[in-house]
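Asker: Sequence isn't available, so here's the structure alone:
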């Protein structure tokens with residue numbers, strides 16, 4: 001299990017926002033395109049040859065898309081899709097596809113999330129759970145932080161009896177380089193409320209998400 005306090009996550013979020021604002025004010029798209037061009041030259045390539053002449057622009061656009069979560073907020077994402085409902089049974093959305101980027105090498109993290117909560121008078125539109133996962137995935141990440149951010153976001157907006165998040169993912173930084181271990185995956189968990197204190201509820205959740213993980 002990955003443990004992280006709300007205070008630590010809040011500080012991380014503030015730092016991300018600060019860095020994003022600073023970067024936005026100092027670096028233009030043209031600056032980034034020139035940086036990619038410099039990388040191509042450093043790799044021994046000719047950035048002016050036919051196949052690469054448009055690459056700096058494509059790389060910048062791709063990275064902006066893959067990190068678009070920095071420009072989103074919970075409030076705008078939810079768009080008031082929280083409803084009062086007299087329900088106290090577990091809600092689970094499983095096998096939510098996730099595509100993120102490792103902050104150490106900017107290589108893909110590919111996996112899925114299983115997100116559950118126990119309502120406490122409020123429920124959230126199911127698609128918003130997937131969108132919350134995507135918002136935090138579309139940032140430079142480590143899997144441990146991503147898992148906790150999803151759990152803490154639901155805890156914040158719903159104040160439910162409990163939240164559980166399991167993320168299973170394969171990391172291209174372990175597949176394409178380094179130890180080069182295809183087929184390996186990492187599992188991280190974040191449990192809040194009843195999922196921490198009630199073993200029966202935790203076991204029910206873990207039983208509902210049990211399956212053979214495969215990323216091939």
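Answerer: Yep, it's here. Owing to the predicted nature of the structure, the values given are computational and were not obtained by experimental measurement.
Asker: how close does the residue nearest the centre of the chain sit to residue 155?
Answerer: Centroid-nearest residue in the chain, with CA atoms, centre = their mean: residue 137, separated by 2.2 Å. Going from residue 137 to residue 155 by CB to CB, to the nearest Å gives 18 Å. Glycine gets a C-beta too; all of them are placed from N, C-alpha and C.
Asker: So which residues of the chain form strands?
Answerer: 82-84, 91-102, 108-118, 122-124, 140-141, 162-171, 186-193 (DSSP state E).
Asker: partner strands of the second one, parallel or antiparallel?
Answerer: Partners of strand 91-102 in the sheet, by DSSP bridges, are strand 108-118 (antiparallel), strand 140-141 (parallel).
Asker: With the first one instead?
Answerer: Neighbouring strands of strand 82-84 in its sheet, by DSSP bridges, are strand 122-124 (antiparallel).
Asker: Buried residues of the partner strand, list them for me.
Answerer: Neighbour counts over strand 122-124 (16 or more other CB atoms under 10 Å) mark 123, 124 as buried.
Asker: What lies in contact with that strand?
Answerer: With CB atoms under 8 Å, 6 or more residues apart in numbering as the contact definition, strand 122-124 has outside contacts at 78, 81-85, 87, 91, 117, 154, 157-160.
Asker: Kindly report the same for stretch 72-87.
Answerer: Contacts of stretch 72-87 (CB under 8 Å, 6+ apart): 119, 121-125, 127-128, 131-132, 135, 138, 153, 156-158.
Asker: just those now: which is nearest residue 201?
Answerer: Closest to residue 201 out of those is residue 119 (13.0 Å), distances taken as CB to CB.
Asker: And the residue lying closest to the closest one once chain neighbours are set aside, how close does it get to residue 122?
Answerer: Nearest non-adjacent residue to residue 119, counting by CB to CB, 6 or more residues apart in numbering: residue 87, 4.7 Å away. Noted for residue 87: a distance of 9 Å to residue 122, by CB to CB.
Asker: Also residue 36?
Answerer: With distances taken as CB to CB, residue 36 is found 45 Å from residue 122.
Asker: Could you do residue 35 as well?
Answerer: Distance, residue 35 to residue 122, using CB to CB: 45 Å.
Asker: can you map out the helices along this structure?
Answerer: Listed in chain order, the helices of the chain (DSSP state H) span 6-26, 29-42, 55-66, 74-78, 126-137, 143-158, 172-175, 194-197, 199-208.
Asker: To residue 102, which of these lies closest?
Answerer: Shortest distance between residue 102 and the helices of the chain, using CB to CB, is found for helix 172-175: 5.0 Å.
Asker: Packing partners of that closest one?
Answerer: Packing partners of helix 172-175 (3 or more CB pairs under 8 Å, 6 or more residues apart in numbering; DSSP states H and E): strand 108-118.
Asker: Could you give the average pLDDT over the strand it packs on?
Answerer: Taken as a whole, strand 108-118 has a mean pLDDT of 97.
Asker: can you check stretch 82-100 too?
Answerer: So the average pLDDT for stretch 82-100 ends up being 95.
Asker: Span of it from start to end?
Answerer: Start-to-end span of stretch 82-100 (CA to CA, to the nearest Å) is 26 Å.
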